[in-house]
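**Student:** sequence first, predicted model second:
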Amino acid sequence: AAKSRGRNCMQLFQPDRHQMAHTLLQREQEFRRALQQNQLEVFYQPIVELATQKLLGFEVLLRWRHPEAGWITPAEFLPLATALGLAQKVDEWVLLKAVATLHQWHKELGAAATSLTLSINISDAFFASGQMADRLKQLLQTYGICGHQIILEITEQVIMENADFARRQLEDLSAIQVRCSIDDFGTGYSSLSRLSQLPLYALKIDQSFVRAMSAGSQHLEIIRAILSLAQAIDIEVIAEGIEHHEQQEQLLQLGCRRGQGFLFSPPVTAQMAQSFISRKYCAPEVSVNTTDARP
Ligand code: C2E
Ligand code: MG
Ligand code: MG
Ligand code: MG
């Protein structure tokens, strides 16, 4: 009986594994094709001054327009890109796209486009390559963009893994006026002394803290702690995932000056982002209807 059960298990197991390998292989081929056929697109989410809702810039967020499945978010395809060794290639494509878009906005909007920033997510692999500053320098030169308009969002992990290497990368970027923020701050393990020694621009408070924020909660205390830490080492703070007016109010009361979230706008197309720049503010009541551009 044991033997036959064993055989049954094998029979059940094998087609499953087969199926999984098949799906993975298919996805892999689809993703490679996506890169070649321009199925990747970038969206732009406004980052605002919380007190006034004035537009400060945008975070650049990647999407995959799958021919059958529709829009696919990075959580679903970035792990695949990383596993295939394509993370850096994807990041470089996003950088190119972002800098070219800034160039376009300069041409069409003039001065209105010269003070805003684009925040771009950088994979650990690209950071570890040590090639970011060189690549950016070339791009900025080609498109005539000043580095102060570019902010790179990096993980706590790359900063903490190798302090000397991280410092050199940040200094190379500083030399071309490009700044760096730590993304999803509070979810990893940062050494406070190391943070204070590195030339960082900002900490981004992870949206899990903002979501769970309510009076007296532990998360609110964590946000308070992050804000006082940032003040002590003199760097900015940007809150992510602000969906409700009460969260905006509470963050303001705690002394957080910048943020982003669906309350102000979801990520939108470059064209919609351009209309935000013209309007200068992201008040929820003037926010454009974006249902057809989601996610
Ligand atoms: P992230 O950098 O922390 O980006 C913020 C995420 O929160 C985005 O998810 C954004 O769409 C979402 N978000 C913004 N406001 C709200 C809100 O009010 N509520 C909620 N629930 N979510 C909000 P998205 O676009 O799916 O990106 C997920 C992650 O993928 C990003 O997290 C980032 O780590 C990574 N990513 C996105 N684009 C790129 C890219 O071009 N390169 C790399 N290397 N990573 C990227
Ligand atoms: Mg980010
Ligand atoms: Mg984040
Ligand atoms: Mg995040």
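**Tutor:** Happy to help now that I have it. Ligands and ions are numbered 1, 2, ... in the order given.
**Student:** contacts, neighbours, all on C-alpha from now
**Tutor:** Noted.
**Student:** ok, the most centrally placed residue in the chain to ligand 3 distance?
**Tutor:** The chain has N121 as the residue nearest its centroid, 4.1 Å off, counting by CA atoms, centre = their mean. Going from N121 to ligand 3 by CA to the ion, to the nearest Å gives 9 Å.
**Student:** who's the nearest residue to that residue once chain neighbours are set aside bridged to?
**Tutor:** Spatial nearest neighbour of N121, excluding adjacent residues (CA to CA, 6 or more residues apart in numbering): E153 at 4.6 Å. Per DSSP bridges, residues listed as beta-bridge partners of E153: N121, S181.
**Student:** close to ligand 1: what parts of the stretch 101-250 of the chain are there?
**Tutor:** 121-123, 184, 241-243 (CA under 6 Å from any ligand atom).
**Student:** stretch 242-259 and ligand 3 in contact?
**Tutor:** No. On the criterion CA under 5 Å from the ion, stretch 242-259 is out of touch with ligand 3, staying 11.0 Å away.
**Student:** in the stretch 151-295 of the chain, what residue comes closest to ligand 3?
**Tutor:** Closest contact between the stretch 151-295 of the chain and ligand 3, by CA to the ion, is at D184 (4.1 Å).
**Student:** still on that earlier bit, contacts only, for the residue nearest to N121.
**Tutor:** Residues in contact with E153 (CA atoms under 8 Å, 6 or more residues apart in numbering) are 119-122, 180-183.
**Student:** ok so, going back, can I assume the residue nearest to the centre of the chain is in contact with F58?
**Tutor:** No. Contact criterion CA atoms under 8 Å: N121 and F58 do not qualify, at 11.5 Å.
**Student:** after the helix or strand bottoming out on mean pLDDT in the chain, heading C-terminal, what element do we hit next?
**Tutor:** Ranking every helix and strand in the chain by mean pLDDT, DSSP states H and E puts helix 2-36 at the bottom, with a mean of 69. Per DSSP states H and E, the first helix or strand lying C-terminal to helix 2-36 is strand 40-49.
**Student:** touching that next one from outside, list them.
**Tutor:** 34, 54-65, 94, 97-98, 257-261, 264-270, 273, 281-282.
**Student:** do the same with stretch 180-200
**Tutor:** Applying CA under 8 Å, 6+ apart, the set of residues contacting stretch 180-200 is 151-157, 160, 163, 167, 170-171, 179, 201-207, 226, 233, 235.
**Student:** go ahead and build a PyMOL selection from the buried members of the residues you listed.
**Tutor:** Buried residues within the contacts of stretch 180-200, by 16 or more other CA atoms under 10 Å, are selected in PyMOL with:
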select buried, resi 151+152+153+154+155+156+160+167+170+171+179+201+202+203+204+205+206+207+226+235
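**Student:** and ligand 3, which of the contacts of stretch 180-200 reach it?
**Tutor:** Within these, nothing lies near ligand 3 by CA under 5 Å from the ion.
**Student:** from the contacts of stretch 180-200, which land in strands?
**Tutor:** Among these, DSSP state E puts 151-154, 179, 202-205 in strands.
**Student:** ok, so of these, who is nearest M132?
**Tutor:** Among these, L152 lies closest to M132 (CA to CA), at 9.8 Å.
**Student:** correct me, but that closest one touches I120?
**Tutor:** Yes. Under the criterion of CA under 8 Å, L152 makes contact with I120 at 4.9 Å.
**Student:** so P266 sits in a strand?
**Tutor:** No. With DSSP: H, G, I helix; E, B strand; the rest coil as the criterion, P266 is located in coil rather than a strand.
**Student:** and it, how close does it get to Y281?
**Tutor:** 14 Å (CA to CA, to the nearest Å).
**Student:** counting neighbours, go ahead and name the busier of the two.
**Tutor:** Higher neighbour count among P266 and Y281: P266, with 23 against 19, using other CA atoms under 10 Å.
**Student:** now do the nearest residue to the more buried one once chain neighbours are set aside against E240, distance only.
**Tutor:** Among residues not flanking P266 along the chain, Q45 sits closest, at 5.8 Å (CA to CA, 6+ apart). Distance of Q45 to E240, given as CA to CA: 11 Å.
**Student:** briefly note if the host helix or strand of L78 comes near ligand 1.
**Tutor:** Assigned by DSSP H and E, L78 falls within helix 74-83. Yes. Using CA under 6 Å from any ligand atom, helix 74-83 reaches ligand 1 at 74-75.
**Student:** list the buried residues for that helix?
**Tutor:** 77-78, 80-82.
**Student:** can you check stretch 93-100 too?
**Tutor:** 94-96, 98-100.
**Student:** of those residues, which belong to strands?
**Tutor:** Reading strands off the buried residues of stretch 93-100, I find no matches (DSSP E).
**Student:** thanks a lot, catch you later.
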